[in-house]
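[1] okay, sequence plus prediction incoming.
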Amino acid sequence: MSRRHHLKPAIDSLDMLLDAMCNMFGGIVLISVLMAVLTHSQTSSQQAQKAAQEARELIQRRIDRAERDIAAAEQLRDQMAQKESNPGTLAAGELMRQREDLTARVENAREALAKADRTRVATRASQYSDPGERQRFLLGEMSTLKKTRISLQNRIASLYEEIPRLERRLVDLGERFTKARAEATRKLRLPRERTSSKTPFYVIVRYGEVFPRYKFVDGNLVLNETSINWRTKSNSITGYPVRGSGIAVLNSKDEKDEQGLAQMQDWLKPVSKDSVYIIFIVYPDSFGSFNAAKERVTNMGLEFSWIPREYTVEVSFGEGGKAPPPPL
């Protein structure tokens, strides 16, 4: 009994030590599990943030690319609008539509002819009861169809030969447009600031024609009422050129008309180059005629100046008007 009594405290101490070791081991395991969970959560959060950032960057790149595509499309639309407003482009589009229309007409004619031939052959073949006669008829129709096909091929070839002609016409239209635009843009010198004691002689340039204010009758200046209608308004007189009654210095091809230039020269021949200079009043539709007229006036030894005038502005002479510009 005494031995058992002394062994019990030792066993209790071992149990307590074992409990302490188990608790410590369990704590270590718990801490390890908590660390693993926290590390996994942090890694998952970082991966989620990284994935979200990549998604945002991808969406932004797509937005940027879409904006660039929209800008390029708008620029292309503006370019197409400019080309469509260009007379050369309009002519090219018209030629292309003509070519497409010819091609469509050829295809429609070919289909209609083939359908009509098939119907006609089937109808006539059904009239022959003898197989030999039907075969001979079909062979004859086949020969006819071959000839028709050759004729159509020749027609198609001739239509394709029209394409180079249309392209040459397109080039010619482009050159004419370029020439017309170059002629509409003129480099003109501004008047030199200098005084002149010479008397101005006014010439209206409108409708592609030249209308002098005065004409000479027996050496005297007389108001030109042949090609200009005059109306008196209070202290001024206003001139209205009559279309088709002036002197045409350009022909229908916008080239110099020597006959008209000679007529203008005869009209201005009595003008004294020592005491008179010419002032051209030029409307927007007549810059080509103005250039031809001023060249001839310069060759005559006369000085000139010019006044640009809008269509809505009338030509009036009288008190209160502006001083005439000096000769160039």
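    Structure received.

[2] downstream of the one helix or strand Thr144 maps to, the next helix or strand is which one?
    Using DSSP states H and E, Thr144 falls within helix 131-184. Counting by DSSP H and E, the element after helix 131-184 in chain order, helix or strand, is strand 199-206.

[3] which SS state does Ile281 fall under?
    What DSSP: H, G, I helix; E, B strand; the rest coil gives for Ile281 is strand.

[4] swap in Arg105?
    Quick answer, by three-state DSSP: Arg105 is helix.

[5] now do it against Leu145, distance only.
    Per C-beta to C-beta, to the nearest Å, Arg105 is found 21 Å from Leu145. No exception for glycine: its C-beta is placed from N, CA and C like everyone else's.

[6] distance between stretch 57-67 and the chain's centre?
    Relative to its chain's centre, stretch 57-67 lies at 31 Å (C-alpha atoms, centre = their mean, to the nearest Å).

[7] what's the answer for stretch 143-155, then?
    43 Å.

[8] sec struct for Pro327, please.
    coil.

[9] am I right that Leu221 is in a strand?
    Yes: Leu221 sits within a strand when classified using three-state DSSP.

[10] so what's it up against?
    Shown in contact with Leu221 (C-beta atoms under 8 Å, 6 or more residues apart in numbering): 214-215.

[11] quick check: bridge partners of it?
    Leu221 has these beta-bridge partners by DSSP bridges: Phe216.

[12] with adjacent residues omitted, what lies nearest to Arg231?
    Here the nearest residue to Arg231 in space, its sequence neighbours aside, is Thr238; by C-beta to C-beta, 6 or more residues apart in numbering that works out to 5.1 Å.

[13] can you list the buried residues in the helix or strand containing the one you found?
    Using DSSP H and E, Thr238 sits within strand 236-241. Buried residues in strand 236-241, counting neighbours by 16 or more other C-beta atoms under 10 Å, are found at 239, 241.

[14] next SSE downstream of that strand?
    Using DSSP H and E, the helix or strand that follows strand 236-241 towards the C-terminus is strand 247-248.

[15] what's in contact with that next one?
    208-211, 227, 257, 260, 263-264, 267, 289.

[16] what is the strand holding Thr238 packed up against?
    strand 199-206, strand 209-212, strand 228-233, strand 315-318 (3 or more C-beta pairs under 8 Å, 6 or more residues apart in numbering; DSSP states H and E).

[17] can you list the contacts of strand 247-248 in CSV and add distance to Ala66?
    Conversion of those to CSV gives the following (distance: C-beta to C-beta, whole Å):
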residue, distance to Ala66
Gly208, 53
Glu209, 58
Val210, 60
Phe211, 61
Ser227, 65
Asp257, 60
Gly260, 62
Gln263, 67
Met264, 64
Trp267, 69
Ser289, 54
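
[18] these, buried ones only, as a ChimeraX selection?
    Buried residues within the contacts of strand 247-248, by 16+ other C-beta under 10 Å, are selected in ChimeraX with:
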select :208,209,210,211,227,257,260,264,267,289
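
[19] give me phi/psi at the closest residue to Arg243 other than its chain neighbours?
    Counting by C-beta to C-beta, 6+ apart, Arg243 lies nearest to Tyr207, which is 4.6 Å off, once chain neighbours are set aside. Phi and psi for Tyr207, reported as degrees, to the nearest 10, are phi 60, psi 20.

[20] and Tyr207, how many neighbours?
    The tally of other residues near Tyr207 (other C-beta atoms under 10 Å) stands at 18.

[21] please report the distance of it from Ile163.
    Taken as C-beta to C-beta, the span from Tyr207 to Ile163 is 40 Å.
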